[in-house]
Every structure is written in C-alpha cells, then in structure tokens.
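> take a look and give me a structure for this.
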Amino acid sequence: MHYLEGFRRLGHEVVYVEDTGAWPYDPGQNTLTEDVRYAVQTIEAAMTLLGLPDRWAYRAAPPGSRLFGLGEAELAQVCRDADVLVNVTGAACLREEYLRVPVRIYLETDPVLSQIEAAQGRESMVAMLAAHTHHFTFGENIGTAECALPVDHVKFQHTRQPVVLDWWATDGEVGPQGRFTTISSWRQTEKDVEWNGVNYRWSKHRQFLEFIDLPRRAPTPVELALACHEPEAVTLLRSHGWQVLDGLALSRDLHRYRDYIQSAAGEFTVAKEHTCSGGPGGSAIGAPATWQPGDRSSPRTPASIRSCPPAWGYSPSPPWTTCSAPCMRSRATTRGTRGRRERSPASISRPSACSTTCWRAPASSSGPLPLRRPAALDRCPGSAPQRYRGSGP
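Sure thing, here's the model as predicted:
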C-alpha cells in the first residue's frame, strides 16, 4: 500500500495486480487454500481504502485462474500501456503479457536467499532474476566489501522501504503500558539455505531465544504479537516475562493492525540468521532506520553505523512515469518512452509527509530482455498447491 500511495503522490497512475500462480493464504485457517474469498475481500477493502476501488486485479491459481477486479480485457490494456512493472519480492508469475512491459523491476525485501540460490545455479531463481531488467534490494551492504554474498548474476541497486508518514500521525500519546512491541512469526523453515557447508535459518525464533530474559531486565514491558501454534513456546516466553498476543488474529484487520503499532512506545525485534552478523549476509541489511509513529520527520539512521548513500528520494520530475507494486502493475498519466508528455517540475508537488523512494533508471542499460519466455518461468510456484506448514504468513 505504501508503494502504491507513494508512486501515486509522485504523479503516476498505479494498478495493483496479484498474480502469483499460488493458492492464497487464509489466516483464519492458517493454511493455503483454493478458496479465494478472503484474499479477494482483503484486496478490495485495501484498495477501496486507498481510493482505488477499480484499479486492482487478483488472479486465482490453477485450475481455473479466474480473474477478480479488472476484467481480462482491462488487464490486457493495462499491460499494453504500462511502462514499468515493479515485482515486489518476485511474487508475480511473469506471464507473457507482463514480459512485454519494457521496464521490469525485481524489488527484493528479504535478501540472501536469491543471491545464494542464483550462485548455486537453481534454474527457477536464475530465470526469475533474468526476466527482470532492473534489480533492487533492501540489503544496503549487498555488493560491498562488508557483505560476502555472491552477486555475480545481477547488479543489485539499493533502496529502502517507503513509509507514508501521515498514515501514522498520532497525538504523541502511546498506549497505557508504554510497551515495546513487534509482530512476527515464530517458527518458519521453508527458506532455510545452505552456503559453504553451513545451514542458515530463516526463522526468527532462535534469535528471540537469545533474548529470552530481556523482559526481566527491561523497565518497559515487551510484547510479541506472534503467529505461533506451539503452546509450549508461548508458555516459555510468558514465563520469562514476555507479553504474547495472537498475531494472526491481529493481522486480519488492517485498522487494528495499524492501531497496535501506533500505540506502542517503540519496537523490539530480532534479525534472521540470514542477515545478522553471523549469517552469510554479513549484516546484509545494513544500518536500520529508527522511527516512531507520529514522528513526521524522515526515518533516521544511527550515525555510528555505516550505511549506503541516501536513496534517490523524491524526484521533482519522475524519471519513470509509471510504477506498480507487489505484482503491482501500473501505467502512467504521463507515459514513458512511448509517447511521453513532458511535464515541468513545478507541475509535480512534493508530498509533505511521504518518505517513499523513487528510483532512477541507470544512465546506461542493456534495455529490455528479449520477449522469449524463459522455460523455467512456465512453472509457476502455485502449480502444485500444498497445505501450509508454517506458523504464520
């Protein structure tokens, strides 16, 4: 939602498309399911809240692949007119019509797995990366001397998570307990990865256990909104002073989710082995930004920690005239290289409280990849749905 709103405030026309080829997740059942009602209702509600009730599409997984929201003809027209596709987390199944969009951005929010799988020659990962023309990552140290991850296959550029600050404006008051909180899953093993003979885990639960005694030592309550179906784990945490809520129930309501974060005094969380100092990422994420709901200034990076140069930030004249998000497709009100209508910088107002990132294409580029579909992309991740075995989304 933050990408959609940020790009729209920069003057772009945005369309959200969710087309993963996989069964959707239903938090009520805590499983993947062929029943798409929860997914469709959630997307429709979020897009209506954004003021974009008719600018979204959701394609169900096979068999059937029924389309909700936009019709087939409307989605086809969006793809023909689009200048940029932003594939957040690489979740989109890149069908032929998506491959025709000239600029296709792979936006990586969780580094390490893609770099290692590409280096290991995993066909599906190599093909997925190759199908994009540009690659961005939240891993600010990736490609630097501080990070040992292999980056031979693609050149990653660095970016940061956008935050629409006025969505988080408060009166400065925190919750009655002044507690520190976080929202997390407990145990997840689906993305564990081996590199140089060492297995690095995706799950955060091992890292939380390193701080099991924190609540007893902290003057402020510490609370976890946790997706966890292990009663013994919840009992262990509570016995050490942690306050534990049902994170799955919390995440079902967008407003309740936001209110929970807004009411906290701050956040305490842990990093995965993938990206913490002991993992192959060697602090791949880089310096974290610090920010509290209600603070209308830009997120701050501790000066004592080296970080990458600032992201591009706002561009008074957007270098790309359309953007999209999570399988977000978009086309422009001012179109790109195909019939662009140039606008003066004065015609684009800078949003006063949106710290979203606007990316600039490299000065030199090899251009769009050929439209020939990589063979590995014919196998969408949802071609063989399985019951969800994790402990949360």
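
> quick check: domain ranges of the chain?
Using automatic domain parsing, the domain parsing of the chain gives 2-165+309-378, 170-267.

> so which of those is the most packed in?
Per-stretch averages of neighbours, counted by mean count of other CB atoms under 10 Å, single out domain 2-165+309-378 among the domains of the chain, with a mean of 18. C-betas here are computed from N, CA, C, even on glycine.

> before we move on, the earlier item: compare the domains of the chain and say which comes out lowest on pLDDT.
With a mean of 74, domain 2-165+309-378 has the lowest mean pLDDT of the domains of the chain.

> hmm, back to that, out of the domains of the chain, flag the one nearest residue 275.
With CB to CB as the criterion, residue 275 lies closest to domain 2-165+309-378 of the domains of the chain, at 6.0 Å.

> now the helices for the stretch 201-350 of the chain?
With DSSP state H, counting those that start in this stretch as the criterion, the stretch 201-350 of the chain has helices at 205-209, 214-217, 231-239, 247-251, 254-262.

> elements contacting whatever helix or strand residue 46 lives in?
Using DSSP states H and E, residue 46 sits in helix 37-49. Where contact means 3 or more CB pairs under 8 Å, 6 or more residues apart in numbering; DSSP states H and E, helix 37-49 is packed against strand 15-18, strand 25-26, strand 56-59, strand 67-69, helix 254-262.

> related to what we said a few turns ago, any chance of the domains of the chain in JSON lines, plus distance to residue 273?
Shown next, in JSON lines, are those (distance: least, CB to CB, whole Å):
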{"stretch": "domain 2-165+309-378", "distance to residue 273": "9"}
{"stretch": "domain 170-267", "distance to residue 273": "5"}
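
> could you give the number of residues near the residue lying closest to residue 207 once chain neighbours are set aside?
Counting by CB to CB, 6 or more residues apart in numbering, residue 207 lies nearest to residue 270, which is 3.8 Å off, once chain neighbours are set aside. Neighbours of residue 270 under the rule other CB atoms under 10 Å: 16.

> hang on, the earlier thing: of the helices and strands packed on helix 37-49, which is nearest residue 49?
Among these, the nearest to residue 49 by CB to CB is helix 254-262 (7.1 Å).

> elements contacting the host helix or strand of residue 115?
For residue 115, the enclosing helix or strand under DSSP H and E is helix 113-119. Other elements packing on helix 113-119 under the criterion 3+ CB pairs under 8 Å, 6+ apart are helix 123-130, strand 193-195.

> for the stretch 51-200 of the chain, which segments are assigned as strands?
Using DSSP state E, counting those that start in this stretch, the strands of the stretch 51-200 of the chain run over 56-59, 67-69, 84-88, 103-108, 134-137, 156-158, 180-185, 193-195, 198-200.

> make JSON lines from those strands and add distance to residue 11 to it.
Shown next, in JSON lines, are the strands of the stretch 51-200 of the chain (distance: least, CB to CB, whole Å):
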{"stretch": "strand 56-59", "distance to residue 11": "20"}
{"stretch": "strand 67-69", "distance to residue 11": "23"}
{"stretch": "strand 84-88", "distance to residue 11": "13"}
{"stretch": "strand 103-108", "distance to residue 11": "17"}
{"stretch": "strand 134-137", "distance to residue 11": "20"}
{"stretch": "strand 156-158", "distance to residue 11": "22"}
{"stretch": "strand 180-185", "distance to residue 11": "32"}
{"stretch": "strand 193-195", "distance to residue 11": "40"}
{"stretch": "strand 198-200", "distance to residue 11": "41"}
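
> so which of these gets nearest residue 235?
Closest approach to residue 235 among the strands of the stretch 51-200 of the chain (CB to CB): strand 180-185, 17.4 Å.

> can you list the strands that that closest one pairs with?
Paired with strand 180-185 in the same sheet, following DSSP bridges, are strand 222-227 (parallel), strand 266-267 (parallel).

> so who does the closest residue to residue 180 other than its chain neighbours touch?
Distance criterion CB to CB, 6+ apart; nearest residue to residue 180, sequence neighbours excluded, is residue 268 at 4.5 Å. Counting by CB atoms under 8 Å, 6 or more residues apart in numbering, residue 268 touches 180, 181, 182, 214, 222.

> now the fourth one: closest residue in space that isn't a chain neighbour?
In space, residue 214 comes closest to residue 222 once its chain neighbours are excluded; the distance is 6.0 Å by CB to CB, 6+ apart.

> my guess is residue 271 contacts residue 210. True?
No: under the criterion of CB atoms under 8 Å, residue 271 is not in contact with residue 210, lying 10.6 Å apart.

> distance of residue 206 relative to residue 186?
Distance check for residue 206 against residue 186: by CB to CB, to the nearest Å, it reads 10 Å.

> what does residue 241 give?
Shown here: residue 241 relative to residue 186, a distance of 17 Å by CB to CB.

> for residue 55, same thing?
36 Å.

> ditto for residue 88
According to CB to CB, residue 88 stands 24 Å off from residue 186.

> what do you get for residue 207?
Applying CB to CB, the value for residue 207 to residue 186 is 11 Å.

> what do you get for residue 79?
The gap separating residue 79 from residue 186 is 39 Å, by CB to CB.

> got it, and residue 137?
Taken as CB to CB, the span from residue 137 to residue 186 is 26 Å.

> for residue 36, what are its contacts?
Counting by CB under 8 Å, 6+ apart, residue 36 touches 24, 58, 60, 66, 68.

> which residues touch the closest residue to the fourth one other than its chain neighbours?
Meaning residue 66. Leaving aside its chain neighbours, residue 66 sits nearest to residue 60 (4.7 Å; criterion: CB to CB, 6+ apart). Neighbour list for residue 60: 24, 34, 36, 66, 67, 68 [criterion: CB under 8 Å, 6+ apart].

> residue 253: which of the residues you listed is nearest?
Nearest member of those to residue 253, counting by CB to CB, is residue 24, at 17.4 Å.

> quick check: the farthest pair among the contacts of residue 36?
Pairwise over these, using CB to CB, the maximum falls at 24 and 66, 12.3 Å.

> helices or strands up against the helix or strand residue 7 falls within?
Counting by DSSP H and E, the element that carries residue 7 is helix 2-9. Applying 3+ CB pairs under 8 Å, 6+ apart, one finds that helix 2-9 contacts strand 328-330.
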